[in-house]
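# Below: sequence and its predicted model.
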Amino acid sequence: MTYLLGIDLGTSGVKVLITDPEGLILSRGSADYPMLMPQPGWVEQDPDDWWQATILAIQNALSGLKEKPEIGAIGISGQMHGIVLLDKKDQLLLPAIIWPDQRSSSQVAEITSLMGNERLIEITGSIAATGFQAATLLWIQQNMEQVWKKIRRILLPKDYLRWRLCDEFVTDPSDAAGTGFLDGESRSWSEELLSRMHINAHLLPHVKPSMALSGYLGAKAAEEMGLKDGIPVVVGAADTAASLLGAGITEARDLLLTISTGGQLISPSISFITDDQGRLHTFCSAVEPGAHAA
């Protein structure tokens, strides 16, 4: 029998599950990492801490089994909104700036003035907010010119892990929806928003469905983790979207309350319905349009 390996990159630590094909948990592992606060209102993490913690958590999960399992696929979920920047040599340019970061408040006001709340909500399903990639990236444009000139890849946290796992530059609609750049209706990057903010779409990852194949575990990563190379790596989803599926919340009448580093009330919708007053965020789900879409 082949088994499944799930990785969740949280705000305070990474969690790993090994399950059978029916979802029965066979083993689990975890490892923590710190939040860095170099200035008041700034919140960062070291992406290499994520990677080392992921290796440790996988090794812990594997050690909890009597025999080394045959892993058939790897899935990823993770904290939303944060930003990881790589240069042309795929080297980190900065620590990751993550979702609780507040440095971009003036950029939020600038984006709102540029686009207007009504148009932002119409495109993205949400007003601009600190910690979202759009506002953080504008802050970098305006305050770190030399870093801005060197950017060649813009990644969400879980997608940095994917890049380390299988060298693929990919994200999914549920996580991309929290950047402030995604057209929620079409599930593709908004040309209008990117053009108005002077951002080249080639810097952003390809958007693929959550259940699509993104690549295969590379030899170097496999060796570090104690796994075989060539294991399929599924695109995965934002932690919020993944939690809905994990809790069986798939109907519009259902509601999920999560209490973690950040708390949320979440309810699914079968279409991309937005709140025109911007009181709610509408993000894409891990399920493709058809039955349960937004």
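In hand now; what should we look at? Numbering: from 1, shown residues only.
# for this protein, what spans make up the helices?
Under the criterion DSSP state H, the chain contains helices at 47-63, 105-115, 117-124, 133-143, 145-150, 157-166, 173-176, 191-196, 219-225, 239-246.
# for those helices, which one sits closest to residue 75?
helix 239-246 (8.4 Å; CB to CB). No exception for glycine: its C-beta is placed from N, CA and C like everyone else's.
# and that closest one, how far from the chain's centre?
Chain-centre distance of helix 239-246: 12 Å, with CA atoms, centre = their mean, to the nearest Å.
# So which bits of it are buried?
239-245 (16 or more other CB atoms under 10 Å).
# Enumerate the residue intervals of this structure where per-residue confidence is below the cut-off.
Along the chain, the model assigns pLDDT under 70 to residues 290-294.
# residues in contact with residue 258?
If a contact means CB atoms under 8 Å, 6 or more residues apart in numbering, then residue 258 has 240, 243, 264, 266 as its contacts.
# from those, which two are the most distant?
243 and 264 (8.6 Å).
# before we move on, back to that, let me know which of the helices of the chain is tucked in deepest.
helix 173-176 (a mean of 30; mean count of other CB atoms under 10 Å).
# Which elements pack onto it?
strand 237-238, helix 239-246 (3 or more CB pairs under 8 Å, 6 or more residues apart in numbering; DSSP states H and E).
# Now do it: distance to the chain's middle.
Counting by CA atoms, centre = their mean, helix 173-176 is centred 7 Å from the centre of its parent chain.
# Contacts made by it with the rest, please.
Against helix 173-176 from outside (CB under 8 Å, 6+ apart): 78, 80, 156, 158-159, 182, 187, 189, 205, 207, 209-210, 237-238, 240-242, 283-286.
# ok, now stretch 95-104?
Here stretch 95-104 makes contact (CB under 8 Å, 6+ apart) with 11, 35-36, 39, 41-47, 50, 79-84, 130-132, 135-136, 138-139, 157, 160, 261-262.
# circling back to that earlier point, so what's in contact with residue 243 and residue 264 at the same time?
256, 258.
# and the gap between residue 289 and residue 76?
22 Å (CB to CB, to the nearest Å).
# quick one, strands of the stretch 151-294 of the chain?
Along the stretch 151-294 of the chain, counting by DSSP state E, counting those that start in this stretch, strands occupy 153-155, 170-171, 182-183, 188-189, 206-207, 213-216, 232-234, 237-238, 256-259, 263-266.
# Could you give the separation of stretch 57-75 from the chain centroid?
Centre-to-centre, stretch 57-75 and its host chain are 23 Å apart (CA atoms, centre = their mean).
# Likewise for stretch 113-120?
Offset of stretch 113-120 from its chain centre (CA atoms, centre = their mean): 24 Å.
# do the same with stretch 92-112
For stretch 92-112 - counting by CA atoms, centre = their mean - the centre lies 16 Å from the chain centre.
# and if you look at stretch 170-185?
9 Å.
# Adjust the sequence numbering to begin at 328 for everything that follows.
Renumbered: residue one is now 328, and that last one reads stretch 497-512.
# What distance separates the opening and closing residues of that stretch?
Start-to-end span of stretch 497-512 (CA to CA, to the nearest Å) is 19 Å.
# residues contacting the closest residue in space to residue 405 that isn't next to it in sequence?
For residue 405, ignoring the flanking residues on the chain, the nearest one in space by CB to CB, 6 or more residues apart in numbering is residue 485 at 2.8 Å. Counting by CB under 8 Å, 6+ apart, residue 485 makes contact with 334, 336, 403-406, 502, 563, 565.
# among those residues, who's most crowded?
residue 502 (34 neighbours; other CB atoms under 10 Å).
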